[in-house]
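Student: prediction below, plus the sequence it came from.
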Amino acid sequence: MSLPRQRHPAPLGDTDPFTPTPARPVRVRARDMAADSHFEPHRHAWGQLAYCASGVIQVSVHAPGPPASYIVPPSRAVWIAPGALHAVAVLEAAAFRTLYVDPSVVPADGVSGRVLAVTPLLRELVSALDPVGGPPPGPAREAALTALVLDEMAQAETLALGVPLPGPHSDKRLRALCQAVLDAPGRHATLHGWAADSGASERTLARLFRAQFGMGFAQWRKQAVLAHALPRLARGEPVGQVAASSGYGSESAFSAMFKAAMGQPPSSFLGRAKLLI
């Protein structure tokens, strides 16, 4: 029997002690969250960087802009723009780290969501701002750490790990196809195979993907496969089994795609959900 999902309210209000201000523009909140817990859709006036030191989370951004879903393993983070409606679900038990960023220091390109690489330096800076079990930094040290965090975020590499989703008013054939791929990405490897089940021609579907997402089906499916594969790897499923369920005929082909996208082989993510810090 499955356990009920653990629901959490919107994490912060305007008077919460973790709320960022121009005087303290970056605040860090660290929480350990159980698998299948989640935050309901909510929004803040400030920006947010969501990442987990261990485990896997899913961040869904609903508005503004087109909806998107991001799977976030360790060493990756999602930037959520000020005012964006978003929800967070924990796919595997996570050491959740949230940076709240005051609008006064959000850069001009921070108006849309994206996935960032979490460098070792950024990870240590976050830990220093919110030392678990230790005293908080004094004002001068906090100001210095904050400046370094903002600079490291600005320099961080942007990664194509989000899965853009069709809006509710998009073509119903596109919506149905995207959902089918998300549910079972290994069912077909090509758009030609999916077109046979969709009621639309391959050419029509290719046009819809380009018009809706600005990318071809193959690129979109690759990101959907990564979203499918990461939680399974974190649970410790063998790489060959994950490759097969993702529609890859060989483990080596899957591993090559995965390493090109993630910078690490899939074996690096095996059993990550079991790690605690």
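Tutor: Perfect, I can see it now. This one's a predicted model, so the numbers in the text were calculated from it and none came from an experiment.
Student: for the rest of this, base every contact and every neighbour count on C-alpha atoms.
Tutor: Will do.
Student: ok, which stretches of the stretch 101-250 of the chain are strands?
Tutor: 114-117, 158-159, 162-164 (DSSP state E, counting those that start in this stretch).
Student: where in the stretch 1-150 of the chain is pLDDT low?
Tutor: 1-15, 65 (pLDDT under 70).
Student: rerun at 50
Tutor: 1-5, 9-10, 12-14 (pLDDT under 50).
Student: same thing with the stretch 151-277 of the chain?
Tutor: In the stretch 151-277 of the chain (pLDDT under 50), the answer is 273-277.
Student: try 70
Tutor: 271-277.
Student: could you pull out the helices for it?
Tutor: For the stretch 151-277 of the chain, the helices defined by DSSP state H, counting those that start in this stretch cover 172-183, 191-198, 202-213, 217-234, 239-245, 251-262.
Student: so the nearest residue to His44 once chain neighbours are set aside, which of the three states?
Tutor: With CA to CA, 6 or more residues apart in numbering as the criterion, His44 has its nearest non-adjacent residue at 5.2 Å, and that residue is Gly83. Look at Gly83: counting by DSSP: H, G, I helix; E, B strand; the rest coil, its state is coil.
Student: distance of Gly83 relative to Ala211?
Tutor: 26 Å (CA to CA, to the nearest Å).
Student: more neighbours, those two?
Tutor: Using other CA atoms under 10 Å as the criterion, Gly83 and Ala211 rank with Gly83 on top: 17 against 11.
Student: so the more buried one touches Ala45, yeah?
Tutor: Yes - with contacts defined as CA atoms under 8 Å, Gly83 counts as touching Ala45 at a distance of 5.1 Å.
Student: re the thing from before, mind checking which of the strands of the stretch 101-250 of the chain is nearest Ala260?
Tutor: Minimum separation from Ala260 across these (CA to CA) falls at strand 158-159, 11.0 Å.
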